[in-house]
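Undergrad: just a sequence and a predicted model for now, questions to come.
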Amino acid sequence: MNIRILGAHNCESQATRFVCLLIDDTLAIDAGGLTSSLSISEQQKLKAILLTHQHYDHIRDVPAIALNLSLQGAGIEVYCTPEVRDIIETHILNGKVYPKFQELPEAKPTLSFNLITPYEPESIHGYEILAIPVNHGLTTVGYQVSNSEGKAMFYTADTGPGLLDCWQYLCPQLLIIDVTVPNSYEEFAMNTGHLTPSLLNEELIKFRELKGYLPRIIVVHMDPTLEKEIEEEVAVVAESLNTLITVAHEGMQLHI
Ligand SMILES: [Zn+2]
Ligand SMILES: [Zn+2]
C-alpha cells in the first residue's frame, strides 16, 4: 500500500496544505489539499473520497473536484457519515454556493454519497474500510484502510485524547495521527479536540499496553507557525518510547 501525504497541516499557505491522504492513487481520505495537489488526470483516477468530519479544512476540495470531474464527464464516490453529507448538501452544494453535483447531471450525478456506519467494516474498491469514532467534539471518524495483503493503516482524523476504546478495533502497521499544537497549548488542545506531543505520548503508551506493539507513527495537522516546537517535542516522545515518529510534510510518500 502506497500512501502519499498531499496535505499535512491545519492551515493553508504557499508552503502548507490542509490535511489530505492519497492511497494507491485511487482512494483519498479527507479533501483538504486534494485538487491543489493533483493534476486533472490524477483527479480522474480517483475512485472514492472518505471524509472524516465536516470541518472546512477536511472538505474544502469536494466542490472543487466535483466541478473538475463534471467538466470531464467523470464522477466520484464520497463516503461519510449522514452529518457530513447533510452539511455539504445544505451549505455548499446547494445550488447557491455551488451546483448540486450530487443531483447533476441527472443521468449520472458527478458525486454519489455513500453513508458509512461506524464499527461496520465495508469493502470499497478492494480495500476493507473500518470507520471508528474519535474525540473531536462533533461526529468524527478515523479510518482504518486494509488491503488484501493484510497491510493496514489507521488515520485518526482530528482527535483529542481518550483513544483507548478505538485501539481495540485496530491493528495497523502505520498510524497517522493528529498533533496540532505543542505541549504549552494543552488547554487549547483539550478544548478543541486535538493532541499535543505529550498527549500523544499517553495515547501511545496505552496502545502499546493493549496491543503489545507500536506501529510506525506519522504526525499530521500541525499548526505551521508552531511546527518547530512540535517537532522537537515529538522527538522527545519518540526517544522515550524508543520508536519512530515522523512529522509529516506535503509530498511525503509512505509504503507498508
Ligand atoms: Zn476538525
Ligand atoms: Zn482539521
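TA: That came through fine. Ligands and ions are numbered 1, 2, ... in the order given.
Undergrad: just give me the neighbour total for residue 126.
TA: Around residue 126 there are 11 other residues, counting by other C-beta atoms under 10 Å. Any C-beta I mention is one placed from the backbone N, CA and C, and that applies to glycine too.
Undergrad: which residues of this structure lie near ligand 1?
TA: With the criterion set to C-beta under 5 Å from the ion, the chain comes near ligand 1 through 55, 158.
Undergrad: how close does the residue nearest to residue 36 when sequence neighbours are not counted sit to residue 111?
TA: Leaving aside its chain neighbours, residue 36 sits nearest to residue 17 (6.1 Å; criterion: C-beta to C-beta, 6 or more residues apart in numbering). Note on residue 17: its distance to residue 111, by C-beta to C-beta, to the nearest Å, is 22 Å.
Undergrad: cool, and residue 170?
TA: Distance, residue 170 to residue 111, by C-beta to C-beta: 29 Å.
Undergrad: who has more neighbours out of those two?
TA: Neighbour count, other C-beta under 10 Å: between residue 170 and residue 111, residue 111 has more, with 24 against 21.
Undergrad: how about the contacts made by that one?
TA: 62, 66, 75, 76, 77, 78, 93, 101, 102 (C-beta atoms under 8 Å, 6 or more residues apart in numbering).
Undergrad: and those, which is closest to ligand 2?
TA: Nearest to ligand 2 out of the contacts of residue 111 is residue 62 (C-beta to the ion; 14.4 Å).
Undergrad: you'd agree that closest one is up against residue 92?
TA: Yes: contact criterion C-beta atoms under 8 Å: residue 62 and residue 92 qualify, at 7.2 Å.
Undergrad: got the contact list for the residue of the stretch 1-150 of the chain found nearest ligand 1?
TA: Nearest to ligand 1 in the stretch 1-150 of the chain, going by C-beta to the ion, is residue 55, at a distance of 3.5 Å. Taking C-beta under 8 Å, 6+ apart as the contact definition, residue 55 lies against residue 158.
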